[in-house]
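>>> Predicted model follows, preceded by the sequence.
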Amino acid sequence: DWNSSNVIEEQVARIRAQVGDARVICGLSGGVDSAVAAALVQKAVGDQLTCVFVDHGLLRADERKQVEEDYVASTGVRLVTIDAQQQFLDALAGVSDPEQKRKIIGREFIRTFEAAAEALVLEARAESAEGSASGEVKFLVQGTLYPDVVESGGGSGTANIKSHHNVGGLPDDMTFELVEPLRTLFKDEVRAVGRELGLPEVIVGRQPFPGPGLGIRIVGEVTAERLELLRAADKIAREELTAAGLDQEIWQCPVVLLADVRSVGVQGDGRTYGHPIVLRPVSSEDAMTADWTRLPYDTLAKISNRITNEVKDVNRVVLDVTSKPPGTIEWE
Ligand code: XMP
């Protein structure tokens, strides 16, 4: 039967066998999965691991700081941050199709990891006088979970619902070999493993956030202005949900910008023609199915008032009352 120390023991042995004495990089997203995957690999191969945090500009407010401070403080892991905001924006310019966005984001992640790995090799060569070959980085750790595999069409007999950025979204010419210690686990099991490994509750208890970030929460083309607007709305929703003590009650609450939709409003003493923001609070056990969360009206009212008052170009807030199925949790 299932228990987290067995999983840890088994995965640590597997990681050691797979990796040997090679060097490994792990992309940290700020989410639970990559944090726990990295902690497992760190336990297995120690400082053969370097974590890479890609700031792709599709992050929520304060996410970068959280990884750079909280995660490093609690694990002591070596972390490299790469500013790739312009690279991702350029790659996404003119693209509205959800699957295309996911594939582009998956590809840019890998290209960024490749560049990071190359930089590490050069650094290692510079440090060792004889230019040792042991500096090579062959492995990439990913926090892929069982549901990601299933929904990307990787499980047996399942359709491709979405290309999760770390499964169906990977480029064909990638040279890394993947290390995926969470591939058989569900989210609650990953959290149990993370707690057993001693990760703090601020990391382990976080609500899920998708690797492609706000890029798949803008329905329409992703631009810097739209990201800024969505980031502001998302921050307000999170602040109010936290203030109402609802963080642990809900599984997650995507905040979505309908960038290609406009509606007429009246704000101040004039007509506006702005965008709607969608709130998508859901309750779930494992994200494979979900129900929409009946949030208190007062909390919804506060979020709606603040977003329409504080976020420019948003004149309407709507609530998504769809379960999964038929709706997925994210809109794209
Ligand atoms: P959906 O939208 O498929 O989402 O119902 C199920 C869960 O997975 C998260 N999600 C992702 N996580 N990379 C991730 O790491 C992705 O590409 C991705 N797409 C969706 C989503 O937030 C929800 O928790």
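Received it, and whenever you're ready, just let me know what you need.
>>> all helices in this structure, in order from the N-terminus.
4-19, 32-45, 63-66, 72-75, 85-92, 98-127, 146-151, 187-196, 201-204, 224-243, 297-310 (DSSP state H).
>>> Turn those into TSV, including distance to Ala259, mean pLDDT and mean neighbour count.
For the C-beta atoms, the positions are set from N, CA and C on the backbone; glycine is no exception. Formatted as TSV, the helices of the chain follow (distance: least, C-beta to C-beta, whole Å; pLDDT from 0 to 100; neighbours: other C-beta atoms under 10 Å):
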stretch	distance to Ala259	mean pLDDT	mean neighbour count
helix 4-19	41	97	16
helix 32-45	28	97	25
helix 63-66	21	91	15
helix 72-75	34	92	15
helix 85-92	12	98	17
helix 98-127	12	94	18
helix 146-151	25	90	20
helix 187-196	29	96	20
helix 201-204	31	92	16
helix 224-243	5	98	19
helix 297-310	15	98	16
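>>> could these go into CSV alongside distance to Val264?
Below are the helices of the chain laid out as CSV (distance: least, C-beta to C-beta, whole Å):
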stretch, distance to Val264
helix 4-19, 53
helix 32-45, 41
helix 63-66, 34
helix 72-75, 48
helix 85-92, 29
helix 98-127, 27
helix 146-151, 37
helix 187-196, 41
helix 201-204, 42
helix 224-243, 18
helix 297-310, 13
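>>> how about the residues of this protein that lie near the ligand?
151, 162, 164-165, 208, 210-212, 252, 287, 324, 328-330 (C-beta under 6 Å from any ligand atom).
>>> Number of residues surrounding Gln142?
Neighbours of Gln142 under the rule other C-beta atoms under 10 Å: 27.
>>> re the thing from before, out of the residues of the chain next to the ligand, who's nearest Thr272?
Glu330 (27.5 Å; C-beta to C-beta).
>>> Would you check that that closest one makes contact with Ile216?
Yes. Here Glu330 reaches Ile216: they are 5.6 Å apart, a contact under C-beta atoms under 8 Å.
>>> Who has more neighbours out of the two?
Ile216 (23 against 18).
>>> Could you tell me which residues make contact with that one?
98, 101-102, 105, 210, 330-332 (C-beta atoms under 8 Å, 6 or more residues apart in numbering).
>>> what do you get for Ser29?
So, once contact is read as C-beta under 8 Å, 6+ apart, Ser29 ends up touching 53, 143, 209, 211, 213.
>>> which residue packs closest to the fourth one, ignoring adjacent ones?
If you skip the residues right next to it in sequence, Gly211 has His165 as its closest partner in space, 4.1 Å away by C-beta to C-beta, 6 or more residues apart in numbering.
>>> Over to that neighbour: give its phi and psi.
The phi and psi values for His165, taken as degrees, to the nearest 10, are phi -60, psi -30.
>>> Equivalent analysis for the one 3 residues further on, please.
Geometry field for Gly168 lists phi and psi as phi -70, psi -10, criterion degrees, to the nearest 10.
>>> The one 3 residues further on too?
Pro171 adopts backbone torsions of phi -70, psi 150, taken as degrees, to the nearest 10.
>>> any idea how far it lies from the ligand?
15 Å (C-beta to the nearest ligand atom, to the nearest Å).
>>> What count of nearby residues applies to that residue?
15.
>>> That one: what's its closest spatial neighbour, skipping adjacent residues?
Arg107 (4.5 Å).
>>> Could you double-check that the one you found lies in contact with Asp172?
No. Arg107 lies out of contact with Asp172 (C-beta under 8 Å); the separation is 9.7 Å.
>>> picking up where we left off before, dump the residue contacts of the residue nearest to Gly211.
Counting by C-beta under 8 Å, 6+ apart, His165 has contacts 102, 105-106, 109, 210-212.
>>> Give me the spatial nearest neighbour of Val202, chain neighbours excluded.
Nearest to Val202 is Asp70, by C-beta to C-beta, 6+ apart, at 5.9 Å.
>>> Model confidence score at the residue positioned nearest the centre of the chain, please.
The residue lying closest to the centre of the chain (C-alpha atoms, centre = their mean) is Gly211, at 2.8 Å. Looking at Gly211, its pLDDT is 93.
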